[in-house]
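*Asks:* Would you be able to build a 3D model of this:
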Amino acid sequence: MHINILSASFASLIFNLLFINLANAECSGDDCNLERESRGMWYGDVNLIGAVNRDGLKKEPFSNWFVAGYKSYQPNQGITKKIKKISLVEGKNLEVTVFMGTWCSDSQKQIPRLYKILDEIGLSSDRVSVHALGIVPHEFRKTHDGIAEDGLNIYRVPTIILRKDNVELGRIIETPAETLEQDLLTILQGGSYRSPAHILEGEVNQYLEKNGVEGFEKNIDSIADLFREKGIKEDDLNHYIAFNLLYAKRYKEAAAVLKMMLKIFPEAGHLHLTLARTHELLNNDYRALKSYRRAFHYIDADGKMLLIRDALNRSAEFN
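*Replies:* As a prediction, this is how the structure comes out:
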């Protein structure tokens, strides 16, 4: 949606700039390091959500992986020295925004390493903001209020975003392409860098984030053509559909993405079967039956449904 009123646009711009400046600093006070019970979840009984800082990560049970990971990691000194000499760091124009999950194994590995690197290059804590995302369905990969990640296309964690004067330079998603310090250096030097994994997941998520499910369905044919040209494979979005959508109980979005995939892969039995189950969750028995009938024509037995079943079974724990 576009705002055509100049004053409203200007006010929005000022608000966003102020918010970004406030967000790019270590949190403090009562709204920092909030804990959430995950009710016996498979990723631990308690996790952090919202703005967090080093003090929160150094408390149990998070200290078990944060402190050990920080102490054990030895960044490449040659690379960190190069980062430290870059004018963005010296001039304090660099801003680092992190989205992570205390329940996420990749976050547990990369975030202590990131803190170690930032300490070695001497980046001030007021240039760094870290946000922990939730694990239960209604907060899955989201903060408690949904503000920090709004419009930033966060679909996997950790996501490490580098900015200069509020302009994004690049981001590292989930795991570095090489090492964390090398990826940071590549981005800061202005080199060609794209996180190698899950690019198509990000593009689908960004489209849904910007246009909503209605906009997605309205342009479903052109979206399918686009991803067909990109060479998408029939299982490329399985994780995204299973967890970002079905586990998070975003059933309408899941149905839309599945329909798009089936325009590209009309004989993919596991996609028909997943769509059938999604229609059931949307209480549309007629469409569910129709999809089940199609699924039985093409159903495969290669285990592609295991990921979907796992996400749905875990989601059912919270009903």
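*Asks:* any idea how this protein splits into domains?
*Replies:* As recorded under automatic domain parsing, the domains making up the chain are 6-197, 200-316.
*Asks:* So L48 lies in a strand, does it not?
*Replies:* Yes. Counting by DSSP: H, G, I helix; E, B strand; the rest coil, L48 falls inside a strand.
*Asks:* would you turn the domains of the chain into TSV with mean neighbour count and mean pLDDT?
*Replies:* No exception for glycine: its C-beta is placed from N, CA and C like everyone else's. Compiled in TSV, these are given as follows (neighbours: other CB atoms under 10 Å; pLDDT from 0 to 100):
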stretch	mean neighbour count	mean pLDDT
domain 6-197	17	88
domain 200-316	18	91
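*Asks:* What strand or helix carries V213?
*Replies:* Using DSSP states H and E, V213 falls within helix 199-218.
*Asks:* what does that helix contact?
*Replies:* 151, 153, 155-156, 173, 219, 223, 227, 230, 232, 236-237, 239-240, 244, 252-253, 256-257, 259-260 (CB atoms under 8 Å, 6 or more residues apart in numbering).
*Asks:* Give me the subset of those lying in helices.
*Replies:* Judged by DSSP state H, these include 223, 227, 239, 252-253, 256-257, 259-260 as members of helices.
*Asks:* which among these gets closest to P61?
*Replies:* For P61, the nearest member of the ones in helices among the contacts of helix 199-218 is H239. The distance, counting by CB to CB, is 26.0 Å.
*Asks:* Could you check how far the closest one is from A197?
*Replies:* Distance of H239 to A197, computed by CB to CB, to the nearest Å: 11 Å.
*Asks:* likewise S124?
*Replies:* From S124 to A197 the distance is 31 Å (CB to CB).
*Asks:* quick one: the helices in the protein?
*Replies:* Taking DSSP H to define them, one finds helices in the chain at 6-23, 54-57, 63-72, 77-85, 87-90, 105-121, 180-188, 199-218, 220-229, 238-239, 251-264, 269-281, 285-298, 305-316.
*Asks:* Could you dump those into TSV and include distance to S129?
*Replies:* Shown next, in TSV, are the helices of the chain (distance: least, CB to CB, whole Å):
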stretch	distance to S129
helix 6-23	5
helix 54-57	12
helix 63-72	17
helix 77-85	19
helix 87-90	16
helix 105-121	12
helix 180-188	16
helix 199-218	20
helix 220-229	33
helix 238-239	27
helix 251-264	28
helix 269-281	35
helix 285-298	43
helix 305-316	30
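*Asks:* nearest residue to I223 other than its sequence neighbours?
*Replies:* Leaving aside its chain neighbours, I223 sits nearest to M260 (5.5 Å; criterion: CB to CB, 6 or more residues apart in numbering).
*Asks:* residues touching that neighbour, list them.
*Replies:* Going by CB under 8 Å, 6+ apart, M260 touches 216, 220, 223-224, 227.
*Asks:* Quick one: residues contacting the residue lying closest to A51 once chain neighbours are set aside.
*Replies:* Computed as CB to CB, 6+ apart, the closest residue to A51 that is not its neighbour in sequence is C27, at 3.5 Å. Listed by CB under 8 Å, 6+ apart, the contact partners of C27 are 33, 50-53, 129-130.
*Asks:* how near is C27 to S72?
*Replies:* From C27 to S72 the distance is 26 Å (CB to CB).
*Asks:* and what of D236?
*Replies:* According to CB to CB, D236 stands 34 Å off from S72.
*Asks:* for the contacts of C27, which one is nearest E168?
*Replies:* S129 (13.8 Å).
*Asks:* my guess is that closest one contacts S28, does it?
*Replies:* No. The criterion here is CB atoms under 8 Å, and S129 misses it with S28 at 11.5 Å.
*Asks:* residues in contact with N76?
*Replies:* Applying CB under 8 Å, 6+ apart, we find N76 in contact with 179, 181-182.
*Asks:* can you list those in a markdown table and add distance to G191?
*Replies:* Below are the contacts of N76 laid out as a markdown table (distance: CB to CB, whole Å):
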| residue | distance to G191 |
| --- | --- |
| T179 | 14 |
| E181 | 14 |
| Q182 | 10 |
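*Asks:* Closest one of those to R293?
*Replies:* Nearest member of the contacts of N76 to R293, counting by CB to CB, is T179, at 50.3 Å.
*Asks:* Pop out the phi and psi values for that closest one.
*Replies:* The phi and psi values for T179, taken as degrees, to the nearest 10, are phi -110, psi 160.
*Asks:* measure the closest residue to it other than its chain neighbours to C104 for me?
*Replies:* Excluding the flanking residues, the one nearest T179 by CB to CB, 6+ apart is N76, at 6.7 Å. N76 sits 24 Å away from C104, going by CB to CB.
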